[in-house]
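got a structure for you, letters missing:
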């Protein structure tokens, strides 16, 4: 009976709660905060809720884009009529149509480029706040080498990517659009080639950074993870060689702290990923709607026979595609990094 | 990054100038060949000259700042987890000794000190309270055998 009471007492004494690691995920910006659910429960459900809220927020954009589509179609139709009327200067009609379409698209394009630029900055800033927290949590779990390697890799590539986008690629989008209007208006082959080069440069620049980052993260994860796991195993072997009760105490303490750190890390990681998606999704949907509607508009304008106007609209939609790629690359970089942090040490 | 951007803008600007010049009527027919040669040389100069002056960012300083931040964050995590780890070991060791003392019918207070090694093994223990000499002997032997704290490292008060 005494033994039973002692055993029950031991169970209650040993089942003491371990205080969680003191890490807090940084708050998302206010616009993104509106899209996040009140409490993070299930990742899948919260993601779906986030998506629904973002789509609802983007509804006005659809009507705006549709209005633009109608205006462009009207210009194309008028140009087509003048184009087919005998005695009218064809080159002047084409040039006027191209300029009119470009002026109509300019305002919306400008706001979307600004939106993409701000999204890249916000993602980069949020990443800078989230990375130290995840590094702390992973280091607490035993992944010291892995955490510092992941931090450095993500910080370096994020910095390079956001600098590249804001200082080179965004200006190149403007140049691309200027070249598009100039080449369609004048028919100069040289300008068309240059336009193609600018587009290739944007695409190649983003791809090369993402490939190198993914390669670095994959290799680092394997090497650093193996090193950390070996260190943890060595510690466990040392503990197992001690007096059984002491070894048991140390082992239980270590296990409890690591599990607590792991839970804190995963909680911060899940919120962090939702926050990253919340920052990215609204601009992505906004630019995506413009991209799709401009693609459709280009097809419609083609029907009226003035290829140059359809070409300009197509080029503007390609510019939207570049913006989607830039924001997508920044978002993907941070998400991959978060997944690696969460996967680290299991 | 800024110098790279300026380089690209320079090349694009040169191409636009070439395009404008080649569109000038009159010049186009008479001196078209000469214009093309001059513009071509201009393009080559624009491509080559800034590229020769390109300077890469001071990589070492930049990398050092990220490395320092990464190490600081990792050390913070280690510090927090070490504090928690020590706390748990002290609490559990104390709990084991208290439980053993209770089983002997004694009511004592226990305080544990850990060593400075990475494993934080219990090194000293202070036990205070009323306990019979016989129970004290039993408890002392138990602590030495099961917790690994020798009798010399055990302090008894009261």
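Looks like it came in fine. None of the values given here were measured: they were computed from a predicted structure.

what does the model give residue 6 for pLDDT?
Defaulting to chain A. Looking at residue A:6, its pLDDT is 45.

please go with chain B instead
Reported pLDDT for residue B:6: 66.

Kindly report the same for residue A:245.
Residue A:245 is assigned a pLDDT of 75 by the prediction.

now residue A:160: how far from residue A:206?
11 Å (CB to CB, to the nearest Å). C-beta: built from backbone N, CA, C; applies to glycine.

neighbour count winner among these two?
Ranked by neighbour count (other CB atoms under 10 Å in any protein chain shown), residue A:160 and residue A:206 place residue A:206 first, with 20 against 17.

Can you tell me who residue B:126 pairs with across the strands?
residue B:111, residue B:155 (DSSP bridges).

dump the residue contacts of it.
The contact partners of residue B:126, by CB atoms under 8 Å, 6 or more residues apart in numbering or on different chains, come to B:110-111, B:113, B:155, B:157.

give me the number of residues near residue B:76?
Residue B:76 has 19 neighbouring residues, counting by other CB under 10 Å.

and what of residue B:158?
A count of nearby residues for residue B:158, using other CB under 10 Å, gives 9.

ok, now how distant is it from residue B:129?
Where residue B:129 is concerned, residue B:158 sits at a distance of 6 Å (CB to CB).

swap in residue B:143?
The spacing between residue B:143 and residue B:129, counted by CB to CB, is 14 Å.

Can you pick out the residue with more neighbours from the two?
residue B:143 (24 against 13).

per-residue pLDDT, the residue nearest to the more buried one when sequence neighbours are not counted?
Computed as CB to CB, 6 or more residues apart in numbering or on different chains, the closest residue to residue B:143 that is not its neighbour in sequence is residue B:149, at 5.4 Å. For residue B:149, the pLDDT comes out at 89.

Shouldn't residue B:149 be within a helix?
No - Residue B:149 is assigned coil when assessed by DSSP: H, G, I helix; E, B strand; the rest coil, not a helix.

Domains in chain B, by residue range?
B:2-52, B:81-157 (automatic domain parsing).

any idea which of those domains scores lowest on pLDDT?
For the domains of chain B, where the average pLDDT is lowest is domain B:2-52, sitting at a mean of 66.

Sketch out the low-pLDDT regions of the stretch 201-346 of chain A for me.
Within the stretch 201-346 of chain A, the segments meeting pLDDT under 70 span A:240-243, A:345-346.

State the helix or strand in which the residue of it found nearest chain B lies.
Proximity of the stretch 201-346 of chain A to chain B (CB to the nearest CB) peaks at residue A:253, 4.0 Å away. Using DSSP states H and E, residue A:253 falls within helix A:244-302.

Tell me the helices and strands packed up against that helix.
helix A:30-35, helix A:43-57, helix A:59-84, helix A:90-140, helix A:189-240, helix A:307-343, helix B:59-103 (3 or more CB pairs under 8 Å, 6 or more residues apart in numbering or on different chains; DSSP states H and E).

ok, is the longest one in contact with chain B or not?
The one in question is helix A:189-240. Yes - Helix A:189-240 lies within reach of chain B by CB under 8 Å from any CB of the partner chain, at A:190-191, A:194, A:198, A:201, A:235, A:238-239.

I'd like those residues laid out as TSV, including neighbour count and distance to residue A:148.
TSV is the format used below for these (neighbours: other CB atoms under 10 Å in any protein chain shown; distance: CB to CB, whole Å):
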residue	neighbour count	distance to residue A:148
A:190	17	49
A:191	23	48
A:194	23	43
A:198	24	38
A:201	16	33
A:235	16	19
A:238	14	24
A:239	19	25
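
What is the nearest of those residues to residue A:320?
Minimum separation from residue A:320 among these (CB to CB) is found for residue A:198, which lies at 14.9 Å.

Quick check: the closest residue to that closest one other than its chain neighbours vs residue B:77, distance?
Residue nearest to residue A:198 in three dimensions, not counting chain neighbours: residue A:176, with 4.6 Å by CB to CB, 6+ apart. Per CB to CB, residue A:176 is found 45 Å from residue B:77.

Between the two, point out the one with more neighbours.
Taking other CB under 10 Å, residue A:176 and residue B:77 do not tie; residue B:77 has more neighbours (28 against 25).

number of nearby residues for residue A:197?
Around residue A:197 there are 17 other residues, counting by other CB under 10 Å.

mind checking pLDDT for it?
Looking at residue A:197, the pLDDT reads 89.

how much space between the residue of chain B found nearest chain A and residue B:83?
At 3.3 Å from chain A, residue B:77 is the closest residue in chain B, using CB to the nearest CB. Look at residue B:77 and residue B:83: by CB to CB, they are 11 Å apart.
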